[in-house]
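Participant: Test case, fold it:
(2 chains)
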Amino acid sequence: MTDIESALKEMMLRGLAGDANAHARLLGALSGHLRAYFARRLGPGTAEAEDLVQETLLAIHLKRDTYDPRQPFTPWAYAIGRYKLLDHFRRTGVRRAVPLEDAGVLIATDSAEEGATRRDLAQLLDALPARQRALIADVKLTGYSIEEAARRQGMTPGAAKVAIHRALRRLARKVSS
Amino acid sequence: MRTEELIRTLAADAPAAPPRPLAPRLAVATAVALALWLAVMIPTYGMPAQAAPHGWFWMKNAYSVVLAIAGLVAVTRLARPGGRIGWPIWLALAAIACLAAMAARESMMAAPGQMAPLWLGSTWRVCAARIMLFSIPTFIAAFWFLRRMAPTRPALAGAAAGFFAGAVGAATYGLYCQESAAAFVVAWYTLGIAICALIGAGVGRWLLRW
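Facilitator: Reported below is the predicted structural model:
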C-alpha cells in the first residue's frame, strides 16, 4: 500500500512539474483504483460507476494545483472520489451515508487475509494462458466492462466473452480437482 | 467518452502547475477587499475614534485578531480536498475561554448594580449587526478564494469562511467601538462572529459545490 502511495505521489509530482506522460499514467492508475472503489459502492460495471470515475478524474485534473506536495497523495485523491460519490447521491436524491474511511481504502490491496487470498488467486490464475489471465483480472478483479477489457487485449467483445467463459471453466475444474 | 480517451485528452492539456501557498493568497484577497471597504466606510463613519488606544482596546483587538488568524488558517486547510481544521479550532476555543475568564473576574469584582452595564454596555443592540456589516468584504474575499479551490466539506469550509470574515469584521469594527468591558466583548463580539459562521455554513452548502 505504501508502495502504491509513493508511486502515485511520484507521478503526481512529475505531472505537476509539467511531465504530461506522468500525468497520463497517474490518471490511468487512479482510474483503476477509483473504478474498484465506486464498484464496491454502486455495483460493479454499472454506467454510474464509470461516469463517476470520469467525473473524479476530471476533478483531479482541474483541481490538481490544490494538492499540497508536503502531504501524502492518497488522502487527497480519496477525498475527491468520496466527494464525487456524495455529490452523486445528493443529485440522484438517494439518502445514503458514505462512511468516512481511512483514505487507504482507495488503494487497499493487502490486509493479511487478503494477502493470503491474493496469493491463492495468483496461483490459480497462473494456470491460465496470458490473455485469459489478463481478461479475468480486468473484468473480475478490477471491474472493467467486457467491452473495455476486450479492447485492452485487442480482441472483439465476442471473442473476449468466449475467452472469459473458457477461463472460468478451466478455473472451476482446477478448484474442484 | 471512453475513460481512456478522457485521460488522453486531459493529459494533452497538463501544463506545469507549481504549488502555491494558500494563506498569503487569502490574506492578500482579504486586505484588498478590506481596503476597498474602508475607502467607502471612512467617509461614511468618519475616521476610527481610537486615537489614543487604552489597555482594553488592545484586549478587544487581540481577541478579534487571534480569532481571525485561527479562521484564516482553518479556511486555507479546508480549501484543499480532505483538509481538516486541526489546531486553529483549539486556538479559537482558548481565546474564547481566556476572555470568558476575564469577564468572570470582572463580574465578580463588580458592584451589585454594575453587572448590567458590564455585559450590555451602551451598544449591545447594534454590536453584532455592525460586526456582520463589517464582515462583508472579507466574506466575499474568502468565498471567492474557496470557489477557486476544492473544499470537500462545503458547509464546514463555509462556516470557517464566515468565522474568519466575522473575526476580521470584529477587528475592524473594534476600531470604532467604545465599549471597554471583557464581558461585553466575549458576549457580543462572539455572538456577531458566530452568526457570521452560521451564515457561512448555509451559504457554503450551495455556493461551494464543484
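
Participant: Please make it C-alpha for all contacts and neighbour counts, starting now.
Facilitator: Noted.

Participant: ranges for the helices of chain B?
Facilitator: For chain B, applying DSSP state H gives helices covering B:3-12, B:22-45, B:55-78, B:87-109, B:115-120, B:124-148, B:154-173, B:182-184, B:190-207.

Participant: ugh, typo on my part, it should be chain A
Facilitator: Under the criterion DSSP H, helices of chain A are mapped to A:2-16, A:20-42, A:47-62, A:73-91, A:112-126, A:130-136, A:146-153, A:157-176.

Participant: now those helices in CSV, with mean pLDDT, distance to chain B and mean neighbour count?
Facilitator: Formatted as CSV, the helices of chain A follow (pLDDT from 0 to 100; distance: least, Cα to the nearest Cα, whole Å; neighbours: other Cα atoms under 10 Å in any protein chain shown):
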stretch, mean pLDDT, distance to chain B, mean neighbour count
helix A:2-16, 90, 5, 17
helix A:20-42, 90, 5, 20
helix A:47-62, 92, 6, 20
helix A:73-91, 92, 5, 20
helix A:112-126, 67, 26, 12
helix A:130-136, 86, 17, 19
helix A:146-153, 84, 9, 18
helix A:157-176, 87, 15, 14
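
Participant: Export these to JSON lines and append columns for distance to B:Ala181.
Facilitator: Putting the helices of chain A into JSON lines (distance: least, Cα to Cα, whole Å) gives the following:
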{"stretch": "helix A:2-16", "distance to B:Ala181": "52"}
{"stretch": "helix A:20-42", "distance to B:Ala181": "55"}
{"stretch": "helix A:47-62", "distance to B:Ala181": "49"}
{"stretch": "helix A:73-91", "distance to B:Ala181": "44"}
{"stretch": "helix A:112-126", "distance to B:Ala181": "62"}
{"stretch": "helix A:130-136", "distance to B:Ala181": "74"}
{"stretch": "helix A:146-153", "distance to B:Ala181": "70"}
{"stretch": "helix A:157-176", "distance to B:Ala181": "78"}
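
Participant: give the contact list for A:Asp65.
Facilitator: A:Asp65 makes contact with A:16, B:17-20, according to Cα atoms under 8 Å, 6 or more residues apart in numbering or on different chains.

Participant: With B:Leu10 instead?
Facilitator: B:Leu10 neighbours (Cα under 8 Å, 6+ apart): A:24, A:58, A:61.

Participant: follow-up on the earlier one: mind giving me the ChimeraX command for buried ones among the contacts of A:Asp65?
Facilitator: Selection command for ChimeraX covering only the buried members of the contacts of A:Asp65, criterion 16 or more other Cα atoms under 10 Å in any protein chain shown:
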select /A:16
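
Participant: Same list, the contacts of A:Asp65, but as JSON lines with distance to A:Ile80 please.
Facilitator: As requested, the contacts of A:Asp65 are exported to JSON lines (distance: Cα to Cα, whole Å):
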{"residue": "A:Leu16", "distance to A:Ile80": "17"}
{"residue": "B:Ala17", "distance to A:Ile80": "18"}
{"residue": "B:Pro18", "distance to A:Ile80": "20"}
{"residue": "B:Pro19", "distance to A:Ile80": "18"}
{"residue": "B:Arg20", "distance to A:Ile80": "19"}
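
Participant: What sits closest to the most centrally placed residue in chain B if chain neighbours are left out?
Facilitator: The centroid of chain B falls nearest to B:Phe164 when counting by Cα atoms, centre = their mean (1.9 Å). Distances taken as Cα to Cα, 6 or more residues apart in numbering or on different chains put B:Gly71 closest to B:Phe164, at 4.2 Å, once the chain neighbours are dropped.

Participant: and the one you found, how many residues sit next to it?
Facilitator: 27 (other Cα atoms under 10 Å in any protein chain shown).

Participant: my guess is it meets B:Val168, correct?
Facilitator: No - at 9.1 Å, B:Gly71 and B:Val168 do not qualify as touching, with contact defined as Cα atoms under 8 Å.

Participant: who are the neighbours in contact with A:Leu86?
Facilitator: A:Leu86 neighbours (Cα under 8 Å, 6+ apart): A:Val98.

Participant: How much space separates it from B:Arg153?
Facilitator: 10 Å (Cα to Cα, to the nearest Å).

Participant: Likewise for B:Pro88?
Facilitator: For B:Pro88, the distance to B:Arg153 equals 17 Å [Cα to Cα].

Participant: Repeat that for B:Glu106.
Facilitator: Taking Cα to Cα, one finds B:Glu106 at 40 Å from B:Arg153.

Participant: The closest residue to A:Glu5 other than its chain neighbours and B:Arg148: what is the separation?
Facilitator: Closest residue to A:Glu5 apart from its sequence neighbours, by Cα to Cα, 6+ apart: A:Thr74 at 6.1 Å. Separation of A:Thr74 from B:Arg148 (Cα to Cα): 21 Å.

Participant: B:Gly174 too?
Facilitator: 30 Å.

Participant: Chain A contacts on chain B?
Facilitator: The interface of chain B toward chain A, taken as Cα under 8 Å from any Cα of the partner chain, is made up of B:3-4, B:6-8, B:10-20, B:79-82, B:149-150, B:152-153.

Participant: Which among these count as buried?
Facilitator: Here, 16+ other Cα under 10 Å leaves B:3, B:6-8, B:10-11, B:14, B:79-82, B:149-150, B:152-153 buried among those.

Participant: I am finished for the moment; much appreciated.
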